[in-house]
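**Q** I would like the atomic coordinates for the input below:
(chains A and B, ligands or ions: 3)
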Amino acid sequence: MMNDWDVIVVGAGPAGIKAGEELAKRRLKTLVIDRKQEIGAPKRCGEGLSDRWVTVSGLKPDPTWARQYINGAILISPKGKKIVIDSEKMGRTGYIIERKMFEKFLAANAIRAGAKFLLKTNVEDLVMEDGFVKGVVANNMGDTLELRSKVVVAADGVDSRIGRMAGLNTLLPLAEMDSGFQYEMAGVDLLDPHKMELYFGKSVAPRGYVWVFPKGEDVANVGVGISGTDEKTAREYLDRWLENNKRFENASIIEVNAGGIPVTKPVDEFVGNGILLTGDAARMVNPIHGGGMGTALEAGGMLADVIKEAIEENNVSKEKLKKFQDIWMEKHGKEFANVLKVRHFFEKLNDEQLEAIADIVVKGKISPDVFVELSHGQGLGKIAKGIIKSSPSIAKLIFEFIKR
Amino acid sequence: MVAVVNRDKCMYCGACTSVCPKLALELLETRIKVYADKCIDCGLCVKACPVGAIRLEERK
Ligand SMILES: Cc1cc2nc3c(=O)[nH]c(=O)nc-3n(C[C@H](O)[C@H](O)[C@H](O)COP(=O)(O)OP(=O)(O)OC[C@H]3O[C@@H](n4cnc5c(N)ncnc54)[C@H](O)[C@@H]3O)c2cc1C
Ligand code: SF4
Ligand code: SF4
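**A** Ligands and ions are numbered 1, 2, ... in the order given. Below is the predicted model:
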């Protein structure tokens, strides 16, 4: 094993693999390490990925991983009102992917670009010298390895333990984590095999939603995300929802998944001397729907440029690497802050109020597209205007909220 | 009290490890390692767990 790397990437998820590829493309000697024995499995994901991110990542949908074409979504209100969003019209289509195949596909690309991978290897500690991260101490199938590098990229997912080892504050407050649980099921009676179904309501999923993401004519990821602080478990919510749903009578489970989703703001500091955080580890997750694969992929190119320059200038200090954080925040900081605000507004609404909003959309007072806007941190004003006659109290809440 | 993981229920998903303020939990491939000496029995991990696989038990 070579022991003199330019960059060591901890974590072979979407963020780490893509970072590995982009770094290798810039002729940096790059090693990607993961503790798992198989890339991509077990998945902790609903596997929804929009075309926009596929394109941003320089990819084309490939049949090995792009399982099901998605042309829209159906939102279901607490009382069962259905709101159909046509994403084709909006130019925002996407795929439900097979994540395991996707990550292996990405890894093969990274390896073609020159990156090396080491699996079943848990990073237990960082090598620290003169206040700089200089590598990692890892357990490779029972053997302890000390691996040295100029820069470490922490792409270790929601855990973000590597960042904490380097003294960065990545602790995820419980109230800002969604607890997720999911079954991949076959024999599912789907409303439309090319639309994602999203179910809302306090008894369905406090703060979050139940999702049904089609992976075929009758196969789907059926999951729930709820606020981490809830007394009941995510599994209890999902099991109860399935029991009460006749459409799932003939469905059964082919895979069980769980995971934590950081629905919070990005960490205050993505970087330290010789270290840089990306993906879930930096909380690059849309805090309204919890999707994090796209931003994780996109960040690979951004961080590779910054690291390349830093290594060339022989300066991997925190100040130098901070350029990555600046670029990322410039691109997404404002939008994600708005999304978080919108989320905070919606989590205070009760089912009756949600129903009133669904009502004006169903009656055609505002376009269902407003829900797509909400997921980008916009659209509250539109709802306020549309609802001012039927529920002035909600309009007032919104206006007060926007003013703050 | 100290956090104890029920290995039959555990999904090895890392929701608990992410919210532990003391790094008292570590996710390994198919195991959650509990550093009992670090645990301050705050119970955050218990709430975070999607399947109810962690409990606080009396220290032995
Ligand atoms: C239930 C659920 C549903 C979701 N649904 C969607 C969805 O539909 N669409 C979407 O875009 N996003 C979704 N997400 C979020 C998405 O899964 C994450 O945003 C994405 O995986 C982040 O990628 P990442 O590379 O940053 O982290 P991860 O994919 O978590 O990868 C981190 C990797 O680091 C490894 N690692 C960690 N610590 C160490 C260590 N010490 N040593 C060695 N290796 C280590 C891990 O084994 C892991 O492979 C969902 C999440 C959950 C939990
Ligand atoms: S009880 Fe608190 S300190 Fe102990 S393991 Fe759980 S989260 Fe960590
Ligand atoms: S949150 Fe629960 S299921 Fe997930 S790793 Fe921790 S104990 Fe296991």
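
**Q** Give me the below-cutoff pLDDT ranges for the stretch 151-300 of chain A.
**A** For the stretch 151-300 of chain A, no stretch has pLDDT under 70.

**Q** Up against chain B, what does it have?
**A** Neighbours of chain B within the stretch 151-300 of chain A, by CB under 8 Å from any CB of the partner chain: A:157-161, A:164, A:171-174, A:177, A:179-181, A:228-231, A:233-236, A:256-260, A:262. Using the backbone N, CA and C atoms, a C-beta is placed for each residue, glycine as well.

**Q** Put the buried members of these into a PyMOL selection.
**A** Listed next is the PyMOL selection for buried residues among those, using 16 or more other CB atoms under 10 Å in any protein chain shown:
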select buried, chain A and resi 157+158+159+160+161+164+171+172+174+177+179+180+181+228+229+230+233+234+235+236+257+258+259+260+262
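
**Q** ok, now which ones touch the nearest residue to residue A:262 once chain neighbours are set aside?
**A** Distances taken as CB to CB, 6 or more residues apart in numbering or on different chains put residue A:283 closest to residue A:262, at 4.6 Å, once the chain neighbours are dropped. Applying CB atoms under 8 Å, 6 or more residues apart in numbering or on different chains to residue A:283 gives the contacts A:160, A:170, A:172, A:262, A:264, A:265, A:266, A:267.

**Q** wouldn't the third one be in contact with residue A:160 here?
**A** Yes. Checked against CB atoms under 8 Å, the pair residue A:172 and residue A:160 is within contact range at 7.2 Å.

**Q** joint contacts of these two?
**A** Shared contacts of residue A:172 and residue A:160, defined by CB under 8 Å, 6+ apart, are found at A:283, B:18.

**Q** Which helix or strand contains residue A:181?
**A** Per DSSP states H and E: residue A:181 is located in strand A:177-186.

**Q** Give the other helices and strands that that strand contacts.
**A** For strand A:177-186, the elements it packs on are strand A:219-227, helix A:234-243, strand A:252-262, helix B:15-19, helix B:44-48, judged by 3 or more CB pairs under 8 Å, 6 or more residues apart in numbering or on different chains; DSSP states H and E.

**Q** okay, the ones you listed, which one's buried deepest?
**A** helix B:15-19 (a mean of 28; mean count of other CB atoms under 10 Å in any protein chain shown).

**Q** Extract the CA atoms of that helix and return them as CSV.
**A** Below are the C-alpha coordinates for helix B:15-19, written out as CSV (Å, rounded to 0.1, in the frame of the first residue of the first chain):
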residue,chain,number,x,y,z
ALA,B,15,-28.8,8.2,13.5
CYS,B,16,-27.9,7.7,17.1
THR,B,17,-24.2,8.4,16.6
SER,B,18,-24.9,11.7,14.8
VAL,B,19,-26.7,13.2,17.8
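
**Q** Report the mean confidence score over it.
**A** Average pLDDT, helix B:15-19: 97.

**Q** Name the surrounding residues that touch it.
**A** Contact with helix B:15-19 is made by A:158-161, A:171-174, A:177, A:179-180, A:228, A:258-260, A:262, B:3, B:5, B:25-27, B:32, B:44-45, B:48-50, B:54, as judged by CB under 8 Å, 6+ apart.

**Q** do stretch A:44-51 as well
**A** A:61, A:67, A:70, A:92-99, A:102, A:180, A:182, A:196, A:211, A:213, A:215, A:221, A:223, A:257-259, A:291, A:293-294, B:13-14.

**Q** Residue A:213 - that's part of a strand, no?
**A** Yes. Under DSSP: H, G, I helix; E, B strand; the rest coil, residue A:213 falls within a strand.

**Q** Surely it and residue A:98 touch.
**A** No. Residue A:213 is beyond contact range of residue A:98, at 11.8 Å (criterion: CB under 8 Å).

**Q** that older thread, I'd like the contacts of residue A:283 as JSON lines, with distance to residue A:202 appended.
**A** Formatted as JSON lines, those follow (distance: CB to CB, whole Å):
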{"residue": "A:160", "distance to residue A:202": "30"}
{"residue": "A:170", "distance to residue A:202": "30"}
{"residue": "A:172", "distance to residue A:202": "23"}
{"residue": "A:262", "distance to residue A:202": "22"}
{"residue": "A:264", "distance to residue A:202": "21"}
{"residue": "A:265", "distance to residue A:202": "24"}
{"residue": "A:266", "distance to residue A:202": "28"}
{"residue": "A:267", "distance to residue A:202": "30"}
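
**Q** Show only the entries of those residues found in strands.
**A** Taking DSSP state E, the ones among those that sit in strands are residue A:262.

**Q** ok, the contacts of residue A:283 vs ligand 2, which is closest?
**A** Taking CB to the nearest ligand atom as the measure, ligand 2 lies nearest residue A:172 of the contacts of residue A:283, at 11.1 Å.

**Q** Give me the nearest residue to the closest one, chain neighbours excluded.
**A** Nearest residue to residue A:172 in three dimensions, chain neighbours excluded: residue B:18, at 4.6 Å (CB to CB, 6+ apart).
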